[in-house]
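Engineer: Show me the folded form of this:
(one chain, ligands or ions: 1)
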Amino acid sequence: MDPTDRTVVLTGATDGIGRATAVRLAGRVGHLVLHGLEPRAEVEGFLSGLGGRVTYLPADFGHLDQIAALGAAIGETADRVDLLVNNAGRPGARRRTVTDDGIEATLQTNYLSTVVLSTVLRDRVGRILNIASATHLSERLDLADLGLAVGGYSGVTAYARSKLAIVTYTCWLATRLDGTAAEAVSMHPGVIHSRLLSGMFSIQGDPPEVGARNILHVAGLPGPLNGRYFDESEPARPNPAATDPTIQHDLLDRTAALLTPITIDPR
Ligand SMILES: NC(=O)c1ccc[n+]([C@@H]2O[C@H](COP(=O)([O-])OP(=O)(O)OC[C@H]3O[C@@H](n4cnc5c(N)ncnc54)[C@H](OP(=O)(O)O)[C@@H]3O)[C@@H](O)[C@H]2O)c1
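Structural biologist: Residues are numbered from 1 along each chain as shown. Below you'll find the predicted structure:
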């Protein structure tokens, strides 16, 4: 397909890796649908500098109803989504934080947003690219305590587990999508200088353009890639827990329960 006919949806597009990715995509695809946390007026300067057809849709993933509304709004603006990049994410807060939906904030922002948008759009999408993190590799999911209410909370643990949930979900989704035209892929974009990185680690990282380059490399690889995990631009093995069908199904059941208030069943 001619790239200029493609519709790309990118979340977390106003800062860091997402912003650099949006800059690289603008004017090179037919329709670029960008999500950000801020209202349009706050990011108008950035948006007005982008070429091509750009639609901006704000939503705070700390509110489940705003995630669901974003999914609906994307559906209204695009009949077909060639590429969905679930990139938005937040670092784990220093102290355990619960959203108005009663869900640990890192889990909701990073993981549940990915599930909701993937569920709402999976019938019209070509490739779903979920941005995880290599931090997922050294974690395990406590399925009875996904929000770390009982077990020892730390911001880094909350973040890494939200990313393990994303990779596990992506591996499950790949089996769900098997035999369809859609694919689900997850990846670590690199260690990249950003507010998110400095919010958790005292390391510098590469410039955001490196993360954008990795994302667009994986996004542009010929298929089939369904169920694959990439470390930067190379295929890699995910945490073995992510490919365990028992863990996947338990995670999906618990995820469905968390999404009951917005009547979205990801299974
Ligand atoms: N940087 C790294 O080394 C690294 C490594 C592995 C994985 N990643 C992943 O890469 C992705 C991009 O991260 P980054 O490093 O580029 O971080 P970043 O610069 O902090 O960008 C994160 C993006 O997510 C948005 N966001 C944060 N909280 C949100 C919320 N409640 N609702 C909606 N959007 C929200 C941010 O919006 P605002 O700018 O308006 O806050 C921003 O656009 C994340 O998924 C991250 O976990 C990054």
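Engineer: So for stretch 123-139, mean pLDDT?
Structural biologist: For stretch 123-139, mean pLDDT is 98.
Engineer: ok, which residues in the stretch 1-150 of the chain are in contact with the ligand?
Structural biologist: 12, 14-18, 36-38, 60-62, 87-90, 109, 131, 133 (CB under 6 Å from any ligand atom). Quick note: C-beta positions are derived from backbone N, CA and C, even for glycine.
Engineer: make it 5 Å
Structural biologist: Contact residues (CB under 5 Å from any ligand atom) of the stretch 1-150 of the chain with the ligand: 12, 14-18, 37-38, 60-62, 87-90, 109, 131, 133.
Engineer: among those residues, which are in helices?
Structural biologist: Among those, the members found in helices (DSSP state H) are G16, I17, G18.
Engineer: Buried only: go through the residues you listed for me.
Structural biologist: Among these, those classed as buried by 16 or more other CB atoms under 10 Å are G16, I17, G18.
Engineer: touching the ligand at all, the helix-or-strand element of the chain with minimal mean pLDDT?
Structural biologist: Sorting the helices and strands of the chain by mean pLDDT, DSSP states H and E puts helix 195-200 at the bottom, at a mean of 95. Yes: against the ligand, helix 195-200 shows contacts by CB under 5 Å from any ligand atom at R195, L196, L197.
Engineer: Show me which of these are buried.
Structural biologist: Buried by 16+ other CB under 10 Å: L196, L197, out of these.
Engineer: Now render the residues of helix 195-200 next to the ligand as CSV, adding distance to A78.
Structural biologist: Listed next are those as CSV, based on distance: CB to CB, whole Å:
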residue, distance to A78
R195, 29
L196, 27
L197, 31
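Engineer: could you pull out the strands for the stretch 51-200 of the chain?
Structural biologist: In the stretch 51-200 of the chain, the segments counted as strands under DSSP state E, counting those that start in this stretch are 54-58, 81-86, 125-131, 183-188.
Engineer: Of these, which is nearest L137?
Structural biologist: strand 183-188 (8.6 Å; CB to CB).
Engineer: wait, which of the strands of the stretch 51-200 of the chain is closest to R24?
Structural biologist: Among the strands of the stretch 51-200 of the chain, strand 81-86 comes nearest to R24, with 11.7 Å by CB to CB.
Engineer: Just give me how far the closest one sits from the chain centre.
Structural biologist: How far strand 81-86 lies from its chain's middle: 10 Å, per CA atoms, centre = their mean, to the nearest Å.
Engineer: packing partners for that strand?
Structural biologist: Judged by 3 or more CB pairs under 8 Å, 6 or more residues apart in numbering; DSSP states H and E, strand 81-86 is in contact with strand 7-10, helix 113-121, strand 125-131, helix 208-220.
Engineer: end-to-end on stretch 105-112?
Structural biologist: The first residue of stretch 105-112 is 10 Å away from its last residue (CA to CA, to the nearest Å).
Engineer: tell me the average confidence for it?
Structural biologist: Taken as a whole, stretch 105-112 has a mean pLDDT of 98.
Engineer: Also stretch 166-175?
Structural biologist: For stretch 166-175, the mean pLDDT works out to 98.
Engineer: In the stretch 51-200 of the chain, what residue lies closest to the ligand?
Structural biologist: G89 (2.6 Å; CB to the nearest ligand atom).
Engineer: now that residue: how far from L37?
Structural biologist: To L37, G89 is 11 Å away according to CB to CB, to the nearest Å.
Engineer: Now do the shared contacts for those two.
Structural biologist: Taking CB atoms under 8 Å, 6 or more residues apart in numbering as the criterion, G89 and L37 both touch G12.
Engineer: Same drill for those two, tell me which one is more crowded.
Structural biologist: With neighbours defined as other CB atoms under 10 Å, G89 and L37 compare such that G89 has more, 26 against 20.
Engineer: Now do the phi/psi pair for the more buried one.
Structural biologist: Main-chain torsions, G89, degrees, to the nearest 10: phi -170, psi 160.
Engineer: What residues does the residue of the stretch 51-200 of the chain closest to the ligand make contact with?
Structural biologist: Neighbouring residues of G89 by CB under 8 Å, 6+ apart: G12, T109, N110, I131, S162, L196.
Engineer: Lovely, talk soon.
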